[in-house]
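Asker: coords please:
(one chain, ligands or ions: 1)
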Amino acid sequence: MIVRENPARFTEVVGRKPVSSPEAVDAAVRRAVDARRAWAALPLDDRIGALRAAVDAVEARHGELAVLLARESGKPLPDCRGEIGFALTYARWVCDQAPRVLAPAEVDDAAGRLLVRRLPYGVVACLTPWNAPVILALLKLVPALVAGNAVVLKPSPLAPMAVSEVAAALPAVEVVHGGAEAGRALVGHTLVRKVAFTGGEAAGRQIAAAAGGMLTPSVMELGGNDPALFLPDFELSEPGYERLVMASFATSGQVCMAAKRLYVPRSRAEEFAGAYLAAASRVLAVGDPLAEGVTMGPVVSAGARERIVALVADAESRGGTALRLGRAVGDLDAGYFVTPVLVTGVPEDAPLVREEQFGPAVPLLVYDTEEELLARANAGELGLAASVWSADEERAFAMAGRVEAGFVFVNTHNRTGMSLRAPFGGVKRSGYGREYGEEGMLEYVQSGVVHAPAAFRAGGAGSAPGAYPL
Ligand code: NAD
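Answerer: Residues are numbered from 1 along each chain as shown. I've put the predicted structure just below:
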């Protein structure tokens, strides 16, 4: 049994979910296979209608689901409301785009008649993390479903409650629960035709290998170690600094595309640090996710807290200085709270800089030349997102073109810089495949061709046996 405690109050159980055995996973996949037949046979407009109705039903429970999400994930209530609202906006956007994106293409000309259709895969396995469980599930479920796939979702055991309620409103979706074992049973199932995964690199490698072993195609949305590159002419207002602070500390820094390394020109480092600390004292309020005015909750687990505290201690042992940010609201001993810090003077080879910290501790790094800046930003195996900050947009775009990342924000970072129409995903070891945009919808279809070459249509001249086409 999964017993999920509130990370802000150890003693409070938010909910329980039974762990799905391999047999239960098998049964869920087989139910999805059955459900898919009728679902895929519906006209596209009917599938869109059913999905829009499901979105409306979830929206009617928006407030209640946001509270549940806040209690299980530790994210502040406005953040949870925002995530669910954004996920529903995305779902409606997919419904709007589907008739165009999924339309078959047909040409009928002197070369013959060619029909290219968008075929669903069949049953799609979706494995998702806990940090944004609703949006990260709907980014997979909605484009998969609209195209005529059925889905088996395995949410993270660290935040399975709200997303299960959302999934229950959707047609042709099964939900299984558990950790790696349930995930392995799902990914390795012979009737699963596509795997969509968001999570960390270690699990990603195992899941990609298991899917590859079955010749099941996969989408991998993995971790990042996003650099923010402040060019010497960057301009940042007070609200700009406040947004920058939240670009690192929203969800206690546990966001794949958080600003995780801040690179600032030496000549402006002091000015930057002063304005940053002042902004953090205005916007960072650490406390219970349901309390009024709180902008940062606890981290997700005891293990996450230990890991982040150790990373900061290690950075200090290497000469870094951890500057405490924001203010505490209420009793922080009741949950897995971590004091948010900006760490200055830390060497580049410290794990806090080299690895994805995934927590509320951000290094402030100083550079001298732009070539050095670029080399340091591009170092390492991860390449999810990045940002370039400059008063000159052309200059920013030129630098952005040299940054090794799947998504480069200009003068912003993290979700404020996202767009429903912009494909999101990593380069290097941050994964492959895309979410959002048209590309994010096309992940869940493959092309299927019907072709009548002109030579073999009524009145055609035919061709020599075995001849190559013209
Ligand atoms: P995780 O990799 O531990 O778990 C993700 C999911 O995979 C969970 O459902 C988990 O139960 C399951 N799982 C774990 N090991 C498995 C295995 N061997 N076989 C099958 N299933 C397995 O990740 P997490 O801690 O939940 O999330 C944090 C990570 O996710 C961070 O690295 C973060 O950057 C990344 N992330 C990436 C994106 C993106 O869009 N690229 C978005 C959010 C989070």
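Asker: any idea which element the spatially most central residue of the chain lies in?
Answerer: Centroid check for the chain by C-alpha atoms, centre = their mean gives Leu136 as the closest residue, at 5.3 Å. For Leu136, the host element (DSSP states H and E) is helix 133-146.
Asker: and the residue of the stretch 151-300 of the chain found nearest the ligand, how many residues sit next to it?
Answerer: The ligand sits closest to Gly183 of the stretch 151-300 of the chain, with a gap of 2.2 Å, by C-beta to the nearest ligand atom. The way it works is simple: take the backbone N, C-alpha and C, and place the C-beta from them, glycine included. As a burial measure, Gly183 scores 24 neighbours (other C-beta atoms under 10 Å).
Asker: Wait, it touches Leu127, no?
Answerer: Yes: in terms of C-beta atoms under 8 Å, Gly183 counts as a neighbour of Leu127; the distance is 5.3 Å.
Asker: which residues touch Val29?
Answerer: Val123, Ala125, Val152, Glu174, Leu186, His189, Leu191, Val192 (C-beta atoms under 8 Å, 6 or more residues apart in numbering).
Asker: what does Gly63 give?
Answerer: Arg81.
Asker: Quickly find the element holding it.
Answerer: helix 62-73.
Asker: Could you tell me the angle between that helix and helix 133-146?
Answerer: Put simply, helix 62-73 runs at 120 degrees to helix 133-146, going by axes from the mean of the first three to the mean of the last three C-alpha atoms, to 10 degrees.
Asker: how about helix 62-73 against the ligand, any contact?
Answerer: No: using C-beta under 6 Å from any ligand atom, helix 62-73 stays clear of the ligand, with a minimum separation of 10.7 Å.
Asker: Follow the chain on from that helix and name the next helix or strand.
Answerer: Helix 62-73 is succeeded, C-terminally, by helix 77-101 (DSSP H and E).
Asker: Could you verify my assumption that Ala167 touches Val173?
Answerer: Yes: between Ala167 and Val173 there is a contact under C-beta under 8 Å: 5.0 Å.
Asker: what residues are shared contacts of the two?
Answerer: With C-beta under 8 Å, 6+ apart as the test, Ala167 and Val173 both reach Leu141, Leu153.
Asker: Show me which residues of the chain are close to the ligand?
Answerer: Residues of the chain lying near the ligand (C-beta under 6 Å from any ligand atom): 127-132, 136, 154, 156-157, 179-180, 183-184, 187, 198-200, 203, 206-207, 221-224, 256, 356, 358, 384, 426, 431.
Asker: Which of those residues are buried, as a PyMOL select command?
Answerer: Command for PyMOL, covering only those of the residues of the chain next to the ligand found buried under the criterion 16 or more other C-beta atoms under 10 Å:
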select buried, resi 127+128+129+130+131+132+136+154+156+157+183+184+187+198+199+203+207+221+222+223+224+256+356+358+384+426+431
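Asker: Show only the entries of the residues of the chain next to the ligand found in strands.
Answerer: Leu127, Lys154, Thr198, Glu221, Gly431 (DSSP state E).
Asker: and Thr412, what is it in contact with?
Answerer: Arg243, Ala247, Ser387 are the contacts of Thr412 under C-beta under 8 Å, 6+ apart.
Asker: give me that answer again for 10 Å
Answerer: Thr412 is in contact with Ala228, Gly240, Arg243, Leu244, Ala247, Ala259, Ser387, Trp389, Met418, counting by C-beta atoms under 10 Å, 6 or more residues apart in numbering.
Asker: between the residues you listed, which is nearest Arg9?
Answerer: Ala247 (27.6 Å; C-beta to C-beta).
Asker: give me phi/psi at that closest one?
Answerer: Backbone torsions for Ala247, taken as degrees, to the nearest 10, come to phi -70, psi -20.
Asker: can you tell me how far it sits from Ala137?
Answerer: The gap separating Ala247 from Ala137 is 23 Å, by C-beta to C-beta, to the nearest Å.
Asker: picking up where we left off before, what is in contact with Gly183 and Leu127 at once?
Answerer: Contacts common to Gly183 and Leu127, judged by C-beta under 10 Å, 6+ apart, are Lys154, Ser156, Val176, Val195, Phe197, Gly199, Ala203, Ile207.
Asker: Now render the residues you listed as TSV, adding pLDDT.
Answerer: Conversion of the shared contacts of Gly183 and Leu127 to TSV gives the following (pLDDT from 0 to 100):
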residue	pLDDT
Lys154	98
Ser156	98
Val176	98
Val195	98
Phe197	98
Gly199	97
Ala203	97
Ile207	98
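Asker: How many residues are close by Ala111?
Answerer: Ala111: 13 neighbours (other C-beta under 10 Å).
Asker: What is the burial count for the closest residue to it other than its chain neighbours?
Answerer: Closest residue to Ala111 apart from its sequence neighbours, by C-beta to C-beta, 6 or more residues apart in numbering: Ala454 at 5.6 Å. Look at Ala454: counted by other C-beta under 10 Å, it has 16 neighbours.
Asker: Show the contacting residues for Pro469.
Answerer: Ala111, Gly112, His451, Pro453, Ala454, Ala455, Ser463.
Asker: and if we set it to 7 Å?
Answerer: Shown in contact with Pro469 (C-beta atoms under 7 Å, 6 or more residues apart in numbering): Pro453.
Asker: Please identify which helix or strand holds it.
Answerer: Residue-wise, Pro469 maps onto no helix or strand under DSSP H and E.
Asker: Neighbour count: Ala247 and Ala137, which is higher?
Answerer: Ala137 (30 against 26).
Asker: quick one: contacts for that one?
Answerer: Per C-beta under 7 Å, 6+ apart, neighbours of Ala137: Cys126, Thr128, Leu153, Pro155, Val163, Ala167.
Asker: In JSON lines, list those residues along with distance to Asp34 and pLDDT.
Answerer: Below are the contacts of Ala137 laid out as JSON lines (distance: C-beta to C-beta, whole Å; pLDDT from 0 to 100):
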{"residue": "Cys126", "distance to Asp34": "18", "pLDDT": "98"}
{"residue": "Thr128", "distance to Asp34": "23", "pLDDT": "98"}
{"residue": "Leu153", "distance to Asp34": "17", "pLDDT": "98"}
{"residue": "Pro155", "distance to Asp34": "22", "pLDDT": "98"}
{"residue": "Val163", "distance to Asp34": "23", "pLDDT": "98"}
{"residue": "Ala167", "distance to Asp34": "17", "pLDDT": "98"}
